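J.: How does the following fold in three dimensions:
(2 chains)
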Amino acid sequence: MTALQTVNPLVQVRDVHKSFDQLEVLRGIDLDIAPGEVVVILGPSGSGKSTLLRCINHLESINKGFIAVDGEQIGYRLRKNRLEKLSANGIARQRRKIGMVFQQFNLYPHMTVLQNIIEAPVGVHGESRQEATRNALTLLERVGLSEKAGSYPRQLSGGQQQRVAIARALAIKPKLMLFDEPTSALDPELVGEVLAAMRDLAKQGLTMIVVTHEISFAREAADRVVFMDGGKVVEMGRPEDVIGNPQHPRTKSFLSRFL
Amino acid sequence: MSRIYLTSASPEGDAPFRDVATAHSPFRTGRLILWIVILIVAVDFAWIVAHNENFGWPVVAAYFFDPTVISGLYVSLGLTVVAMALGTILGLGLAIARMSKDGLANTFAALFIWFFRGTPLLVQLIFWYNLSTLFPQLSISVPFGPTLASWDTNSVITPMTAAIVGLALNEAAYMAEIIRGGLLSVDRGQTETAEAFGMTRARALWRIIIPQAMRSIVPPTGNQLISMIKATSLVSVIAMADLLYSVQSIYNRTFEIIPMLLVAVIWYLLITSILNVGQSYIEAYYGRSDRRTRAAEKPALAGAAVQEATH
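T.: Purely as a prediction, here's the structure:
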């Protein structure tokens, strides 16, 4: 714990508010994430956890507050001492160090697995095709899908697609990985293979923010568990504390449903 | 409380075991009779047409490859290709403008589409051809300022340019709506993913969205292309020597109206038939990721592709 306090946080979230029309989804979120930390966000649906994740890479803009990744404020810049919105290309540049895995996998259906993985490294990061391909095959091997490089996404099972999506996100060598309910769209028997791949990443010191309903994953792989409800962080701490011995009644009632 | 239902394993149950693999289709007499009747009527009709001297088949044959007809055919094909290409490029721009959040671009595209879809193509062509009566001089100048260059409208607007401009702008309005529909048909998550991976808007559109939109853009575009080939016959009214104008110029001389129109009809049918074949190939290309089994049955091929990519 003392080590965490001396390191500069990789992600800073300060007093973040977000509304969709009248609906207030985030109501003052504060969260700092250290490099290498694995943070799992739990909470009932509608608690704002996915929205928070999508604000971190500016897929959603925030109404109030401050978000920074790797020391750079996301979505804005200071010019002549005034804060101004970044252009679409400026935001695109900021997103290049953040990998994301979606609930619906969102693989590019018109491309093969290999093409899916090398698209951003070659097209956005300027890697050579050869190097990107070599890297992609290593990543595919890591998620156990070497033989699927030439297949199209539709020819794979959901679990395989999500593992490809993880490899695709890793291919840009991200400083931060965002997982938006990565197992929620999977058949129960396919959840395990995706969680195993994620657990593997967590062990290797990648900074991860994971929104999920998999309590067991939070317990085993998280450095810190954040419990959200009603657009606020209700409880936060080590998994053994938050899951093993929840203090807040909301956390207790939420977790009781999984026991 | 749970009950276990025992099923009879022997074929002595209510329904005896009969393997469907041994089944055959019954002979349908009514269907055969219907086939024969339709065939007889069709052959009879073909025979009547072939032996009707009013059709003038020898004349059709004589003029089918006539140099005037062939040059008219080239004009029709050339106009179709150029107008379609310009219309598609402009239509793509309009579709993107129409979908943008920018009010000015959006309104401009909407007005353009409203005007060019809302007026008859024939009238548009005549207007372009007679542009000089509205604007005798065409000039490039600073708005409300000095003129930089100027041309006589009649020297710029020939039948050729009037035809190209008229057809292309009209086509752009239709293609804009077709392309917009295609872009909208792509899952929203795809745009989001491309954005999350730091792609610029242009790159996301070009690499991710448009290839997926093509599947719903190609079939109506094939339709438009066929319409366009036939629409080029309208330019004969502004003295553009297309296929129809060429056969007209011949029958004005020889008075063999029906045979000459048949020449044009057969050429139009030939071209559209070729285009239909082309379209089905393009559709198969953009549908390639949809075939579940083909690629799965050829793991060796996929492996080869990987090797090719690595070396």
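J.: Spell out for me which residue occupies the centre of the chain.
T.: You didn't say which chain, so I picked chain A. The residue lying closest to the centre of chain A (CA atoms, centre = their mean) is A:Leu178, at 1.1 Å.
J.: To clarify, I was referring to chain B.
T.: Taking CA atoms, centre = their mean, chain B has its central residue at B:Gly222, 1.9 Å away.
J.: can you pull the contacts of that one?
T.: By CB atoms under 8 Å, 6 or more residues apart in numbering or on different chains, the contact list for B:Gly222 reads B:Leu275, B:Asn276, B:Gln279, B:Ile282. The C-beta positions use only the backbone N, C-alpha and C, and glycine is treated the same way.
J.: Can I get these in TSV including distance to chain A?
T.: Output for the contacts of B:Gly222, formatted as TSV (distance: CB to the nearest CB, whole Å):
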residue	distance to chain A
B:Leu275	24
B:Asn276	24
B:Gln279	19
B:Ile282	14
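J.: From those residues, list the buried ones, please.
T.: For those, a burial check counting by 16 or more other CB atoms under 10 Å in any protein chain shown picks out B:Gln279.
J.: Over to the residue nearest to the centre of chain A. Which of the three states is it?
T.: strand (DSSP: H, G, I helix; E, B strand; the rest coil).
J.: Go ahead and confirm B:Ala95 touches B:Ile179.
T.: Yes - assessed by CB atoms under 8 Å, B:Ala95 is found in contact with B:Ile179 at 4.0 Å.
J.: coming back round to it: tell me the phi and psi of the closest residue to the residue nearest to the centre of chain A other than its chain neighbours?
T.: Excluding the flanking residues, the one nearest A:Leu178 by CB to CB, 6 or more residues apart in numbering or on different chains is A:Met100, at 4.6 Å. A:Met100 adopts backbone torsions of phi -140, psi 140, taken as degrees, to the nearest 10.
J.: Please give me every residue in contact with A:Met100.
T.: So A:Met100 contacts A:Asn57, A:Ala169, A:Met177, A:Leu178, A:Phe179, A:Asp180, B:Thr193, B:Ala196, B:Phe197 (CB under 8 Å, 6+ apart).
J.: Give the ChimeraX command for selecting the buried subset of the residues you listed.
T.: For anyone working in ChimeraX, the buried entries among these, judged by 16+ other CB under 10 Å, can be selected with:
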select /A:57,169,177,178,179,180 /B:193,196,197
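J.: Closest to B:Gly166 out of the contacts of A:Met100?
T.: Among the contacts of A:Met100, B:Thr193 lies closest to B:Gly166 (CB to CB), at 41.2 Å.
J.: quick one: the closest one from A:Leu107, how far?
T.: Note on B:Thr193: its distance to A:Leu107, by CB to CB, to the nearest Å, is 8 Å.
J.: quick one: stretch B:252-263 to chain centroid distance?
T.: 29 Å (CA atoms, centre = their mean, to the nearest Å).
J.: how about it: buried residues?
T.: Those would be B:Glu256, B:Pro259, B:Met260, B:Leu262, B:Val263, for stretch B:252-263 by 16+ other CB under 10 Å.
J.: do you know how far the most far-flung residue of chain A relative to its centre is from chain B?
T.: Farthest-out residue of chain A from its mean C-alpha position, per CA atoms, centre = their mean: A:Lys80, at 33.1 Å. Distance, A:Lys80 to chain B, using CB to the nearest CB, to the nearest Å: 25 Å.
J.: Check that residue and give its pLDDT.
T.: Predicted confidence (pLDDT) for A:Lys80: 91.
J.: list the contacts for it?
T.: A:Lys80 neighbours (CB under 8 Å, 6+ apart): none.
J.: can you pull out the strands in chain B?
T.: B:137-141, B:147-152 (DSSP state E).
J.: most neighbours per residue, which of these?
T.: strand B:137-141 (a mean of 12; mean count of other CB atoms under 10 Å in any protein chain shown).
J.: Could you check the angle that one makes with strand B:147-152?
T.: Orientation note: strand B:137-141 sits at an angle of 160 degrees relative to strand B:147-152 (axes from the mean of the first three to the mean of the last three CA atoms, to 10 degrees).
J.: strands paired with strand B:137-141, and their directions?
T.: strand B:147-152 (antiparallel) (DSSP bridges).
J.: for the strand it pairs with, the distance to its chain's centre please.
T.: 38 Å.
J.: so for stretch B:253-266, what's the average pLDDT?
T.: Stretch B:253-266 comes out at a mean pLDDT of 93.
J.: ok so, going back, quick check: phi and psi on the residue farthest from the centre of chain A?
T.: Per degrees, to the nearest 10, the backbone of A:Lys80 is at phi 50, psi 40.
J.: Tell me where the model's unsure across the chain.
T.: I'll assume chain A. A:1-6, A:259 (pLDDT under 70).
J.: actually it's chain B I care about, not the one you picked
T.: For chain B (pLDDT under 70), the answer is B:1-13, B:291-311.
J.: let's go with 50 and repeat that
T.: Residue ranges of chain B with pLDDT under 50: B:294-311.
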